[in-house]
Structures are given as structure tokens and as C-alpha cells.
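Asks: A predicted structure for the sequence below; I have some questions about it.
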Amino acid sequence: MLLQVSSDEVYEVKYFNIHVLHHRCSFGWQGPLCDQCIPYPGCKHGSCHGSPWQCICDLNWGGLLCDKDLNYCGRHYPCQNGGVCYNTEPDHYKCVCKPGFTGRNCETDIDECSSNPCLHHGTCIDRINRFQCSCLPEWEGTMCQLDSDECRGRPCLNAFNCRNLVGDYICQCQPGWTGKNCDVS
Ligand SMILES: [Ca+2]
């Protein structure tokens with residue numbers, strides 16, 4: 001049988017043969033000069049370093065196939081809100097959170113109001129690692145636990161003294177004066 005081929009195809013066949021000859025290297029070696037070692041199949045972040053079928057890992061990679069990340073923290077920065085990351089084992093890390101935060105990645109702001117710390121119907125505002133109470137006028141203190149002193153503004157004008165009550169005050173008027181604030185003669 002006569003096979004008709006163009007000159008281009010002849011060239012390709014010849015070139016292919018040369019190409020194949022060039023690559024008939026010893027087992028475990030490759031390259032035009034057969035001086036490049038072949039790494040272990042599946043070797044991901046490593047190389048053979050002159051010894052065929054080796055998988056010697058690049059910096060911060062581990063495991064038989066060099067596919068385990070020994071520096072997860074430095075590559076992914078998983079810890080939020082100022083948490084500090086520690087590489088614990090290949091592909092694993094641990095976050096140590098700043099006070100006031102929790103969760104695997106310190107992503108959760110702890111609700112310091114959850115225990116209802118504000119007394120006497122004060123409103124609790126959740127802050128970072130603390131709470132703040134917004135008290136009704138008659139109460140004060142960090143937890144609205146203190147009776148506000150309504151005499152503090154000196155409301156009694158012509159009086160012997162002022163008596164502080166919860167949300168109120170009583171003036172003890174001098175003789176000749178009357179009214180809530182002893183200001184009526
Ligand atoms: Ca908080």
C-alpha cells in the first residue's frame with residue numbers, strides 16, 4: 001500500500017521521532033538532557049532535589065505529598081478582632097482571642113448584657129469586654145444600684161436641710177417659708 005504524505009507531515013513524523021529519542025531517559029529522569037529528576041507522583045508543594053521519586057517539601061509545607069499547610073496562620077489570617085493565631089499541626093490552627101471576643105475565629109463579640117446587670121430598669125449597652133448602663137434619673141452608678149441624690153442641686157432655698165428620697169426630696173423649711181422648695185413666704 002502506498003501512503004501519500006506531504007512534506008510537512010514527513011517533517012512532523014521525523015521531529016516526533018527525535019523528540020521521543022531525546023526523552024528515552026533512565027527511569028525517574030526527564031528533560032532534554034535527562035538530568036531532571038521526576039518527583040513522587042502527586043507531590044504538590046515539593047520537589048525531588050536530584051533524587052528521583054522524592055517529594056521534599058518547600059518551606060512551611062508538610063505531609064508525604066507536601067500538601068499539608070504548616071503555616072495556615074500566615075497564609076490565611078483566620079483570627080479576627082485582634083486574635084492571635086497559632087499553627088498547631090498541619091492544616092490546623094488555633095486563635096487566642098482578645099478579651100470580649102469568642103468563637104473559633106474570634107468572630108463573636110461577647111454580649112456582656114446577657115446577665116441583665118443593670119438594676120432598677122436601667123438600659124444595658126453591650127460594649128467590648130464590658131457593658132454600660134443607661135440609668136433612669138433617680139438611679140446612678142455603674143449598675144444603676146445607687147439612689148441619685150436629688151438634693152445635690154441644692155433645690156431647697158430657705159431650709160434647714162434637704163432629705164434625699166428615691167426620685168424625690170423633702171425640704172425642711174425655716175419658719176416663715178413654705179412650698180416645695182421653701183421659696184414661698
Ligand atoms: Ca461586648
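Replies: Alright, I've got the coordinates.
Asks: so where's this structure shaky on pLDDT?
Replies: 1-23 (pLDDT under 70).
Asks: dump the residue contacts of the spatially most central residue of it.
Replies: For the chain, the residue nearest the mean C-alpha position is residue 80 (1.3 Å; C-alpha atoms, centre = their mean). Shown in contact with residue 80 (C-beta atoms under 8 Å, 6 or more residues apart in numbering): 101, 105, 106, 107. Bear in mind the C-beta positions are built from the backbone N, C-alpha and C, glycine included.
Asks: how close does it get to residue 103?
Replies: The gap separating residue 80 from residue 103 is 8 Å, by C-beta to C-beta, to the nearest Å.
Asks: what does this structure put close to the ion?
Replies: 109, 112, 126 (C-beta under 5 Å from the ion).
Asks: is the last one bridged to anything, and to what?
Replies: Beta-bridge pairing for residue 126 (DSSP bridges): residue 131.
Asks: surely it touches residue 116?
Replies: No: using C-beta atoms under 8 Å as the test, residue 126 is too far from residue 116 to be in contact (11.7 Å).
Asks: more crowded one of the two?
Replies: residue 126 (14 against 9; other C-beta atoms under 10 Å).
Asks: the residues of the chain next to the ion into TSV, with extra columns for distance to residue 68?
Replies: Below are the residues of the chain next to the ion laid out as TSV (distance: C-beta to C-beta, whole Å):
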residue	distance to residue 68
109	33
112	39
126	40
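Asks: which of the residues in stretch 124-132 are buried?
Replies: Within stretch 124-132, the residues that qualify as buried are 124, 131, counting by 16 or more other C-beta atoms under 10 Å.
Asks: could you dump that stretch to CSV, C-alpha only?
Replies: Extracted in CSV, the C-alpha atoms of stretch 124-132 (Å, rounded to 0.1, in the frame of the first residue of the first chain):
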residue,chain,number,x,y,z
CYS,A,124,-27.8,47.9,79.1
ILE,A,125,-25.5,48.7,76.2
ASP,A,126,-23.1,46.0,75.1
ARG,A,127,-19.5,47.2,74.7
ILE,A,128,-16.3,45.4,74.0
ASN,A,129,-15.4,43.4,77.1
ARG,A,130,-17.8,45.5,79.2
PHE,A,131,-21.3,46.8,79.5
GLN,A,132,-22.7,50.2,80.1
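Asks: quick one: contacts of it?
Replies: 98-101, 109-113, 116-118, 133-134.
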